[in-house]
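Participant: model the following, please.
(one chain, ligands or ions: 1)
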Amino acid sequence: MNSAGAGNFIDKKAIQPLLNWFFPRICLICNQPIPESKNYVCESCWSAISPAVNSHLKSLWLKRAAGADVYFSGYHSCFLFNDSVQKIIHSLKYEKIKNIVGEIAKKAVPPMLENSEITSSDYIIPVPLHKKKLKERGFNQSAVFTREVSKYLHIPCKENCLLRKRYTQTQTKLDAEERRINVSNAFDVKNGEEISNCKILLVDDLITTGSTINECAKVLLAAGARSVFALSIAHPA
Ligand SMILES: [Zn+2]
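Facilitator: Numbers count the residues shown, from 1 in each chain. Reported below is the predicted structural model:
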């Protein structure tokens with residue numbers, strides 16, 4: 001029997017308890033064993049993650065941006081950034097645990113459904129990676145999250161419209177002004193007619209100073225989009 005035949009022969013459901021005993025599922029935040037049905041993060045760790053207080057986000061960003069032109073109409077963040085959220089995003093981005101977006105979406109989508117600026121969007125677009133970065137990492141974590149959210153919200157995802165034309169250094173160690181300069185003219189829109197007069201929901205994994213989403217919103221509006229509302233998994237307090 002070849003290996004594919006053996007795979008069909010073994011009833012995976014029947015051996016799952018045995019697999020769980022040998023390889024218990026561990027919460028990636030607290031490292032405690034979790035029930036089979038819970039995939040990556042235990043309920044106790046999820047409940048310790050605070051939702052973001054979105055009413056203050058735009059004014060917070062405006063204060064940080066001090067004088068910069070603002071191109072997005074507002075933004076919604078799912079969670080307040082802390083060590084637990086950092087572990088979740090890290091596991092998605094660097095450990096390539098893509099399935100965790102399903103769990104993030106389950107927690108993050110219900111509040112989005114209350115926000116008409118989100119639900120009325122025509123297209124949902126992820127902040128793109130440069131093709132060199134995409135090759136290095138193998139996938140765009142924001143796009144993986146975007147596709148999941150797109151399914152829940154029933155808003156079509158458009159991935160080949162917004163492009164990162166310039167390879168930019170990581171923003172982690174840059175201050176707000178350096179970040180703004182780092183992403184300046186880094187994006188471009190292809191086939192702008194496809195988003196003409198459309199309301200765009202722009203998605204990034206993290207919004208910190210907002211310089212990346214602002215630069216993306218600028219080119220999307222210049223290409224004819226009617227408005228750009230931003231969405232992120234998390235933002236810092
Ligand atoms: Zn836990």
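Participant: where does the protein come near the ion, residue by residue?
Facilitator: By CB under 5 Å from the ion, the residues of the chain that approach the ion are 27, 29-30, 42, 45. Where you see a C-beta, it was placed from the backbone N, CA and C, and this is true even at glycine.
Participant: if you set the cut-off to 8 Å instead, what comes out?
Facilitator: The chain has residues 27-32, 34, 41-46 near the ion, with proximity defined as CB under 8 Å from the ion.
Participant: tabulate those (a markdown table), appending distance to residue 187 and neighbour count.
Facilitator: Output for the residues of the chain next to the ion, formatted as a markdown table (distance: CB to CB, whole Å; neighbours: other CB atoms under 10 Å):
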| residue | distance to residue 187 | neighbour count |
| --- | --- | --- |
| 27 | 37 | 20 |
| 28 | 32 | 20 |
| 29 | 33 | 21 |
| 30 | 38 | 15 |
| 31 | 39 | 9 |
| 32 | 42 | 12 |
| 34 | 39 | 20 |
| 41 | 32 | 22 |
| 42 | 38 | 20 |
| 43 | 39 | 11 |
| 44 | 40 | 12 |
| 45 | 35 | 19 |
| 46 | 34 | 19 |
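Participant: min pLDDT across these, which one?
Facilitator: Within these, residue 34 has the lowest pLDDT, namely 85.
Participant: quick one, phi psi at that residue?
Facilitator: Backbone geometry at residue 34, expressed as degrees, to the nearest 10, gives phi -120, psi 150.
Participant: mind checking which of the residues of the chain next to the ion are in helices?
Facilitator: Judged by DSSP state H, the residues of the chain next to the ion include 43-46 as members of helices.
Participant: quick one: the strands in this structure?
Facilitator: If DSSP state E is used as the criterion, the strands of the chain fall at 74-80, 123-126, 162-164, 187-189, 199-206, 227-235.
Participant: buried sites along the fourth one?
Facilitator: Buried residues in strand 187-189, defined by neighbour count with 16 or more other CB atoms under 10 Å: 187-189.
Participant: what sits closest to residue 118 if chain neighbours are left out?
Facilitator: residue 112 (4.9 Å; CB to CB, 6 or more residues apart in numbering).
Participant: do residue 73 as well
Facilitator: Spatial nearest neighbour of residue 73, excluding adjacent residues (CB to CB, 6+ apart): residue 227 at 4.9 Å.
Participant: check residue 218 too.
Facilitator: residue 71 (4.4 Å).
Participant: how about residue 137?
Facilitator: The spatially closest residue to residue 137, leaving aside those adjacent along the chain, is residue 129, at 6.9 Å (CB to CB, 6+ apart).
Participant: and for residue 156?
Facilitator: Per CB to CB, 6+ apart, closest to residue 156 is residue 123, 5.8 Å.
Participant: could you pull out the helices for this structure?
Facilitator: Going by DSSP H, the chain shows helices at 3-9, 12-22, 43-47, 57-65, 83-93, 100-113, 116-119, 131-137, 141-153, 176-183, 211-222.
Participant: count of residues packed around the residue nearest to residue 73?
Facilitator: By the measure other CB atoms under 10 Å, the count of residues near residue 227 is 20.
Participant: which residues touch it?
Facilitator: 73, 199-200, 221 (CB atoms under 8 Å, 6 or more residues apart in numbering).
Participant: for the ion, state which of these is nearest.
Facilitator: residue 200 (35.4 Å; CB to the ion).
Participant: how many neighbours does that closest one have?
Facilitator: Per other CB under 10 Å, the neighbour tally for residue 200 reads 28.
Participant: check contacts around the residue nearest to residue 137.
Facilitator: 137, 140, 142, 164.
Participant: please produce TSV containing these, extended by pLDDT.
Facilitator: Shown next, in TSV, are these (pLDDT from 0 to 100):
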residue	pLDDT
137	88
140	94
142	94
164	94
